[in-house]
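Asker: could you look at this predicted model? Sequence included:
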Amino acid sequence: MDILEEIEKCKSRTSRSDRRDLVSSWTERELYQDDLKDVFSVIFRTIGCSWNRASGCTMCGYYTDTNPDITQKDLTDQFQELSDKYSGEEIVKIYTSGSFFDEDEIPQEFALKVLKFLDAEKVVLETRPQFITEDRLQRYSSEVKKLELAIGLESSNNFVLKNCINKGFKLEDYLEKRDLVFENQSLLRTYLLLKPPFLTEKEAIKDLTNSIEQVSHPGNIISINPVNIQRGSLLEKLWNERTYRPAWLWSLLKVISDVGNIDSTVISSTVGLGSERGAHNCGGCDPEIVELINGFNLTQDLEPIKSRLKNPDCSCYYQWKKELQLEPYLNFRGRVGILSDRYAGYV
Ligand SMILES: [Zn+2]
């Protein structure tokens, strides 16, 4: 299997959006400076991620929400929709299924207008590192009280970035821009994946634990994204072929409980948790475990998670333990076909 070819095939078979309105908006609560704050999140529909236009990541299907013909007028209409829905929440997160700092996607004049309009304590924007420049950091951050840049690093291991994710940048690119963000007095949010394609469950736990330790830094919020199966991704093909199972929620609990004394706040996305396409357990214990993760996100209290791992109270815990032991000896096709001998010895 050639990963790049397969990504292109998946993209060519999957339809993209023909709509021009906001993809979505919603509200939630999040911990910020030791207080729970209201969060308004919005996804702009744009021409999509520059990397997806050039190639794409193995787990990403966000391009299905984008439209190559989006114009400035469409963006302005979406901004109108945003301004109707925004009711002064303290934190605003703006997603684009790509990079807010990419001026091909979001022209700078428009970006600054949106930021100026918001009256939030903090605005979170997503971008690939290549679009972070000192000039943009200064201009964009001057329009808001506090700017937080979110980067999907996914893993701190360059082998995983290249061969499992096809991320299109390296850890070093991230680190360089991380320093620039901090020099500019802005905040950083780093997304890390739990279980990229082609890793066993055990390797995925280790990869995420290593990554958390490596990118921990004061002012950096580490947000774990347990991988979910997105429509039109190469990962969906692997999942359909039964060569990929989303992570167990037990794995997520283990990683969180192992987080030692680090300088970062760690939270986990709960998107898709407990569902067939998201990280899940047996189905029976899932709602309780998702509650534990929700609770941890809001309180940063590790104790309930640690005590659940000591008293798992569900037989699937032992199935998960067994799988961690046995999976390395199973040669499933997706892994052997792509990573071959080069992979031996990692983690
Ligand atoms: Zn269970």
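Answerer: Now that the structure is in, tell me what you want to look at. Just so we're clear, the structure is a prediction, and the values are computed from it rather than from any experiment.
Asker: flag the shaky bits of this protein, pLDDT-wise.
Answerer: Segments of the chain classed as low confidence (criterion: pLDDT under 70) are 331-347.
Asker: which residues in it form helices?
Answerer: Assigned by DSSP state H, the chain shows helices spanning 3-13, 50-54, 72-85, 108-117, 134-141, 158-159, 171-183, 201-215, 234-240, 249-258, 286-299, 303-310, 316-326, 333-339.
Asker: where does the stretch 1-150 of the chain get nearest to the ion, residue-wise?
Answerer: Checking the stretch 1-150 of the chain residue by residue against the ion with Cβ to the ion singles out Met59 as nearest, at 24.6 Å. To be clear about C-beta, it is placed using only N, CA and C from the backbone, and glycine gets the same treatment.
Asker: that residue and Ser223, how far apart?
Answerer: 15 Å (Cβ to Cβ, to the nearest Å).
Asker: tally of neighbours for the closest residue to Trp250 other than its chain neighbours?
Answerer: Leaving aside its chain neighbours, Trp250 sits nearest to Trp320 (4.4 Å; criterion: Cβ to Cβ, 6 or more residues apart in numbering). Other residues within reach of Trp320 by the criterion other Cβ atoms under 10 Å amount to 20.
Asker: how about Asn157?
Answerer: Under the neighbour criterion other Cβ under 10 Å, Asn157 is assigned a count of 22.
Asker: what's around the residue nearest to it when sequence neighbours are not counted, how many residues?
Answerer: Nearest residue to Asn157, sequence neighbours excluded (Cβ to Cβ, 6+ apart): Asp207, at 5.9 Å. Around Asp207 sit 26 other residues, with neighbours defined as other Cβ under 10 Å.
Asker: identify the residues contacting Asp207.
Answerer: If a contact means Cβ atoms under 8 Å, 6 or more residues apart in numbering, then Asp207 has Ser155, Asn157, Val160, Pro196, Leu199, Val347 as its contacts.
Asker: what is the nearest of those to the ion?
Answerer: When these are compared for distance to the ion (Cβ to the ion), Leu199 comes out closest, at 22.2 Å.
Asker: and for the closest one, the neighbour number?
Answerer: Leu199 has 27 neighbouring residues, counting by other Cβ under 10 Å.
Asker: correct me, but it touches Phe159?
Answerer: No: with contacts counted by Cβ atoms under 8 Å, Leu199 stays clear of Phe159, the gap being 10.5 Å.
Asker: how far does stretch 96-112 stretch from start to finish?
Answerer: Its start and end residues considered, stretch 96-112 measures 15 Å (Cα to Cα, to the nearest Å).
Asker: next one: stretch 28-37
Answerer: Between the opening and closing residues of stretch 28-37 lies a distance of 8 Å (Cα to Cα).
Asker: on that earlier part again, for the helices of the chain, give me CSV that also has distance to Glu148.
Answerer: Converted to CSV, these look like this (distance: least, Cβ to Cβ, whole Å):
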stretch, distance to Glu148
helix 3-13, 30
helix 50-54, 21
helix 72-85, 18
helix 108-117, 12
helix 134-141, 10
helix 158-159, 25
helix 171-183, 9
helix 201-215, 15
helix 234-240, 28
helix 249-258, 21
helix 286-299, 16
helix 303-310, 25
helix 316-326, 34
helix 333-339, 35
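Asker: re earlier: please name the nearest non-neighbouring residue to the residue of the stretch 1-150 of the chain closest to the ion.
Answerer: Taking Cβ to Cβ, 6+ apart as the measure, Met59 lies nearest to Leu235, with 4.5 Å between them; neighbours along the chain are not counted.
Asker: measure the one you found to the ion for me?
Answerer: For Leu235, the distance to the ion under the criterion Cβ to the ion, to the nearest Å works out to 24 Å.
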